[in-house]
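S.K.: Got a predicted structure here, sequence first:
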Amino acid sequence: MAKTPKDIVESMMAGDFFSQWMGVEILDTGLGISRLRMTVRKEMLNGFAILHGGISYSLADSALAFASNSHGIISVSTNISMAYPTAAKEGDVLIAEAKEISVTKKTAIYDISVTNQDNQTVGLMRGTVYRTGKEH
């Protein structure tokens, strides 16, 4: 029986200890999409008392991973760019939303936005993945 996007994402999340440490919650998943939430904690802040860029990158990267693997083909990132238009701070609730832009047999491109509870954009990612051809 073919796995659903939800089955795939739940299986991935079960072994994704970093996303678990970040407190990532899966809000939505489907073919080519993923929506995640997490709350910024004190230990996630850098020396300027704002969210470390690596954490928002990781949240967006998790959304990318879940969206790109939702088709049932193991997919891994090959190129990612990230911009940080607004800083996030302790207590902010962040939502990462990944959307499929293009998909071929071997590659796919996704846009991922990270917003805070005030709907301010705190991160923008574009990611390309390689689709291995191997099934989940």
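M.R.: Arrived safely.
S.K.: And the residue nearest to G133 when sequence neighbours are not counted, its phi and psi?
M.R.: Counting by C-beta to C-beta, 6 or more residues apart in numbering, G133 lies nearest to I73, which is 6.5 Å off, once chain neighbours are set aside. Heads up, the C-betas are built off the backbone N, CA and C, glycines and all. Main-chain dihedrals, I73, degrees, to the nearest 10: phi -110, psi 130.
S.K.: A108 is in contact with I73, correct?
M.R.: No - in this structure I73 lies outside contact range of A108 using C-beta atoms under 8 Å: 9.2 Å.
S.K.: that's a helix at M12, yeah?
M.R.: Yes - the assignment for M12 (DSSP: H, G, I helix; E, B strand; the rest coil) places it in a helix.
S.K.: before we move on, the earlier item: now do the residue nearest to G133: how many residues are near it, please.
M.R.: 19 (other C-beta atoms under 10 Å).
S.K.: ok, now which ones touch it?
M.R.: R131, T132, G133, K134, E135, H136 (C-beta atoms under 8 Å, 6 or more residues apart in numbering).
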